[in-house]
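Q: Give me the fold of what follows.
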Amino acid sequence: MADTDWNLRQTFTFQGRDVACDVMGQGEPLVLVHGTPWSSFNLRHLARGLADSFRVHLFDLLGYGQSDKSDNDVSLGVQNRLLDALIGFWGLERPFVVGHDFGGATVLRAHLLDKADFRKIALIDPVAVSPWGSPFFRHVREHEAAFAGLPEYIHEAVVRAYVGSAAVSPIPEDTLAGIVAPWTGEEGRAAFYRQMAQADSRYTDEVQDLYSSIERPVLILWGGKDAWIPPEQGRLLNRMIPGSTLVELPGTGHLVIEEQPDALVREIKTFFLS
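A: Numbering: from 1, shown residues only. Here you go, the predicted structure:
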């Protein structure tokens, strides 16, 4: 599957809403969970790199990518329940799991609240410890309707500038186009600001005190120059989860899944297969 025609080939219906998903590779089951404002498109390098050792399952969160973008709940409060339901849909027992950004929060919430069991957990620059959320998030929350009504060309410029700040190096145009595409058009534009407006630290506050109860092996991977969630948050999370391992990748930002996917694949394989 070429980057320019990234397409998830399966559909799962969750509470009457369509969720795009796919499976690739052979081996023990592994689930990939993306964050915001990303989609499964941004996990393509990890999926391909891990598919020679694992049966990789991936999907687009509600309100993201190729999944349902209706005016509905797209908060962290629903995504963990979706993940738990997908694990049942795929018939998985104790899969390996990787979560980036909001995907990390989704994994932790599914494990701690829904009791979804995982063999091992890898978290990449996860949204996990308060405080989080940029001033832009807060501004959108207060003025969601105004942002959703922006002319398309201004909206696209906003999205491009916003996602560009997640990387240390300039994002290649074809990658940037793949990130922006799901957020274009009337439906995509509204969905972009909806997921920001519904972002709320209460969803991580709800589980933050439970991190000390995690018994599964946990690998925390962090971009050493992450300007969205500073590495100090990763070090704090490392202290909060007993026995967890922290690896910082120098010279990369929050979008490390695009900047250094090969390094991530090596770290994940070493951790999961040991």
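Q: Okay, now the unreliable bits of the chain?
A: Where the chain drops to pLDDT under 70, the residues are 1-4.
Q: can you rerun that using 80?
A: 1-4, 133-135 (pLDDT under 80).
Q: what are the ranges of the helices in it?
A: With DSSP state H as the criterion, the chain has helices at 44-50, 76-90, 102-112, 135-142, 144-148, 152-164, 173-180, 185-197, 202-208, 231-240, 256-259, 261-273.
Q: CSV for those helices, including mean neighbour count?
A: C-beta: built from backbone N, CA, C; applies to glycine. What follows is the helices of the chain, written out as CSV (neighbours: other CB atoms under 10 Å):
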stretch, mean neighbour count
helix 44-50, 21
helix 76-90, 20
helix 102-112, 26
helix 135-142, 14
helix 144-148, 15
helix 152-164, 15
helix 173-180, 16
helix 185-197, 20
helix 202-208, 17
helix 231-240, 17
helix 256-259, 24
helix 261-273, 17
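Q: Just send these back as TSV, with distance to Gln66 too.
A: Shown next, in TSV, are the helices of the chain (distance: least, CB to CB, whole Å):
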stretch	distance to Gln66
helix 44-50	13
helix 76-90	14
helix 102-112	16
helix 135-142	23
helix 144-148	20
helix 152-164	17
helix 173-180	12
helix 185-197	11
helix 202-208	24
helix 231-240	30
helix 256-259	18
helix 261-273	21
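Q: Asp125 is nearest to which of those helices?
A: In terms of CB to CB, the element of these nearest to Asp125 is helix 256-259, at 6.3 Å.
Q: So which elements touch that closest one?
A: helix 44-50, strand 218-223 (3 or more CB pairs under 8 Å, 6 or more residues apart in numbering; DSSP states H and E).
Q: Indicate which one of the helices of the chain is closest to Gly35.
A: helix 102-112 (4.0 Å).
Q: Just the residues contacting the closest one, thanks.
A: Residues from elsewhere that reach helix 102-112, judged by CB atoms under 8 Å, 6 or more residues apart in numbering: 32-36, 61, 76, 79-81, 83-84, 87, 97-99, 116-118, 121, 123-128, 203-204, 206-207, 210-211, 213-214, 216.
Q: angle of it against helix 185-197?
A: 60 degrees (axes from the mean of the first three to the mean of the last three CA atoms, to 10 degrees).
Q: Select the longest strand from the protein.
A: strand 17-24 (DSSP state E).
Q: Who are the packing partners of that strand?
A: By 3+ CB pairs under 8 Å, 6+ apart, strand 17-24 packs against strand 10-14, strand 54-59, helix 76-90.
Q: Next, format the ones you listed as JSON lines and append distance to Gly104.
A: Shown next, in JSON lines, are the helices and strands packed on strand 17-24 (distance: least, CB to CB, whole Å):
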{"stretch": "strand 10-14", "distance to Gly104": "20"}
{"stretch": "strand 54-59", "distance to Gly104": "15"}
{"stretch": "helix 76-90", "distance to Gly104": "10"}
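Q: Nearest to Leu221 among those would be which one?
A: The nearest among these, by CB to CB, is strand 54-59 at 16.6 Å.
Q: what angle do the closest one and helix 261-273 make?
A: Using the same axes, to 10 degrees: strand 54-59 against helix 261-273 is 120 degrees.
Q: Within the sheet, what are the partner strands of strand 54-59, with directions?
A: strand 17-24 (antiparallel), strand 28-33 (parallel) (DSSP bridges).
Q: circling back to that earlier point, mind listing what's buried in the longest strand of the chain?
A: Arg17, Asp18, Val19, Ala20, Cys21, Asp22, Val23 (16 or more other CB atoms under 10 Å).
Q: Just the closest of those residues to His57, please.
A: Of those, the one sitting nearest to His57 (CB to CB) turns out to be Val23, at 5.3 Å.
Q: what's the neighbour count on Asp200?
A: For Asp200, the neighbour count with other CB atoms under 10 Å is 15.
Q: quick one: the residue nearest to Leu210 when sequence neighbours are not counted and Val19, what's the gap?
A: Setting aside the residues directly before and after it, Leu210 is nearest to Leu112 in space (CB to CB, 6 or more residues apart in numbering), at 4.7 Å. Distance of Leu112 to Val19, computed by CB to CB, to the nearest Å: 22 Å.
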